[in-house]
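A.B. asks: okay, sequence plus prediction incoming.
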Amino acid sequence: MVRRTVTLPDDLDRRIRELADGGSFSAEVTRILEAGIGKPMPSYVGTGKGGGENDSVRVEEILEEMFRDPEFKH
């Protein structure tokens, strides 16, 4: 198994922990990512100057769209 480190906005971290409901954070992130595989990806994800914070905002926007998708099941 590969281990990766990512930086998440506090709000997104909180939402993932809520979805995990006391279970494994990593397992919940994996379920979310697997549910999103096969969904149309945006043609462009802006990074802005300096990355980091701007990237996190865009990732949060993409995940928010996925969470609101009625077909999304975690």
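C.D. replies: Sure thing, it's come through. Numbers count the residues shown, from 1 in each chain.
A.B. asks: which helix runs longest in the protein?
C.D. replies: If each helix of the chain is counted by residues according to DSSP state H, the longest one is helix 53-68.
A.B. asks: quick check: mean pLDDT of that one?
C.D. replies: Averaging pLDDT along helix 53-68 gives 74.
A.B. asks: summarise which helices and strands that helix is packed against.
C.D. replies: helix 10-20, helix 25-36 (3 or more CB pairs under 8 Å, 6 or more residues apart in numbering; DSSP states H and E). C-beta: built from backbone N, CA, C; applies to glycine.
A.B. asks: ok, which of the ones you listed comes nearest residue 67?
C.D. replies: Closest approach to residue 67 among the helices and strands packed on helix 53-68 (CB to CB): helix 10-20, 7.7 Å.
A.B. asks: which residues touch residue 22?
C.D. replies: Contact analysis of residue 22 by CB atoms under 8 Å, 6 or more residues apart in numbering lists nothing.
A.B. asks: so it, which of the three states?
C.D. replies: Using DSSP: H, G, I helix; E, B strand; the rest coil, the structure places residue 22 in coil.
A.B. asks: give me the distance from the helix or strand of the chain with the lowest mean pLDDT to the chain's centre.
C.D. replies: Least confident helix or strand of the chain, by mean pLDDT, DSSP states H and E, is helix 53-68 with a mean of 74. Distance of helix 53-68 from its chain centroid, counting by CA atoms, centre = their mean, to the nearest Å, is 7 Å.
A.B. asks: now it and helix 10-20, what's the angle there?
C.D. replies: Put simply, helix 53-68 runs at 30 degrees to helix 10-20, going by axes from the mean of the first three to the mean of the last three CA atoms, to 10 degrees.
A.B. asks: helix 53-68 versus helix 25-36: what angle between them?
C.D. replies: Going by the same axes, to 10 degrees, helix 53-68 makes 70 degrees with helix 25-36.
A.B. asks: select, out of the helices and strands packed on helix 53-68, the one closest to residue 2.
C.D. replies: helix 25-36 (11.2 Å).
A.B. asks: let me see the mean pLDDT of that closest one.
C.D. replies: Mean pLDDT, computed over helix 25-36, is 86.
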